[in-house]
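Peer 1: fold the following for me, if possible:
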Amino acid sequence: MEGVRAAEPGDAVRFAELVWALRSAVVSQRGGEQLVARSVPATPGVFDVERFEAILRDETRVVLVGTIDGTVVGVAVGRADPIAGGSQVGHLEACYVEPGARGVGVGRLLLDSVVAWCDERGCRGIDGVALPGDRSAKQFFESAGFKARLLVMHRPAPGPEG
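Peer 2: Numbers count the residues shown, from 1 in each chain. Purely as a prediction, here's the structure:
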């Protein structure tokens, strides 16, 4: 049976493993290195349990684990940021399910739970990132009612020989 629950301090190691798998999957895609540098907090052997526990206590974030029959197979992290006018906007910082557990609804449960958390806080919307060419991420978001609203264009600075 699939489920979602709030992450707990005892989930730190498994959380780090899944975030590392997310990082590894994303970094090889166009724009992935920049995205990982900005938003994915863990690397194996360096993950700080105290930092994880501090993230769990951060009232501007929700940290969730997705399960199948009680086994943690996915993670999601959402954040609520204040914007002009005194309201907030939500950000899906991470949503990942290990490949062998995909296709049964754990990812959608995680996403829906982050969206519900943002709604409870009065967020005016929620943003998630899909990298260029990542059709499955784009379709995942669209199936949950997300629409593209911003494309970020990038040009690398000239190298030393430039």
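
Peer 1: got any ranges where the chain has weak pLDDT?
Peer 2: 37-48, 160-162 (pLDDT under 70).

Peer 1: in this protein, which spans are helices?
Peer 2: Remark: helices assigned in the chain by DSSP state H are 12-27, 32-39, 49-57, 106-120, 135-143.

Peer 1: only the buried residues of stretch 87-99, if you could.
Peer 2: 88, 90, 91, 92, 93, 94, 95, 96, 97, 98 (16 or more other C-beta atoms under 10 Å). Every residue, glycine included, has its C-beta placed from N, CA and C.

Peer 1: coming back round to it: the helices of the chain into TSV, with extra columns for mean neighbour count?
Peer 2: Converted to TSV, the helices of the chain look like this (neighbours: other C-beta atoms under 10 Å):
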stretch	mean neighbour count
helix 12-27	19
helix 32-39	14
helix 49-57	14
helix 106-120	19
helix 135-143	13
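
Peer 1: redo these as CSV? Include distance to residue 71.
Peer 2: Written out in CSV, the entries for the helices of the chain read as follows (distance: least, C-beta to C-beta, whole Å):
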stretch, distance to residue 71
helix 12-27, 9
helix 32-39, 26
helix 49-57, 19
helix 106-120, 11
helix 135-143, 22
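
Peer 1: and these: which comes nearest residue 6?
Peer 2: The closest of those to residue 6 is helix 49-57. By C-beta to C-beta, the value is 8.0 Å.

Peer 1: other SSEs contacting the closest one?
Peer 2: The elements that helix 49-57 packs onto, with contact taken as 3 or more C-beta pairs under 8 Å, 6 or more residues apart in numbering; DSSP states H and E, are helix 12-27, strand 61-68.

Peer 1: which of the buried residues of stretch 87-99 fall within strands?
Peer 2: 88, 90, 91, 92, 93, 94, 95, 96, 97 (DSSP state E).

Peer 1: between the residues you listed, which is closest to residue 124?
Peer 2: Using C-beta to C-beta, those come closest to residue 124 at residue 88, 6.9 Å.

Peer 1: report the beta-bridge partners for that closest one.
Peer 2: residue 82, residue 123 (DSSP bridges).

Peer 1: mind listing what it touches?
Peer 2: 80, 81, 82, 118, 121, 122, 123, 124 (C-beta atoms under 8 Å, 6 or more residues apart in numbering).

Peer 1: fine, thanks again, bye for now.
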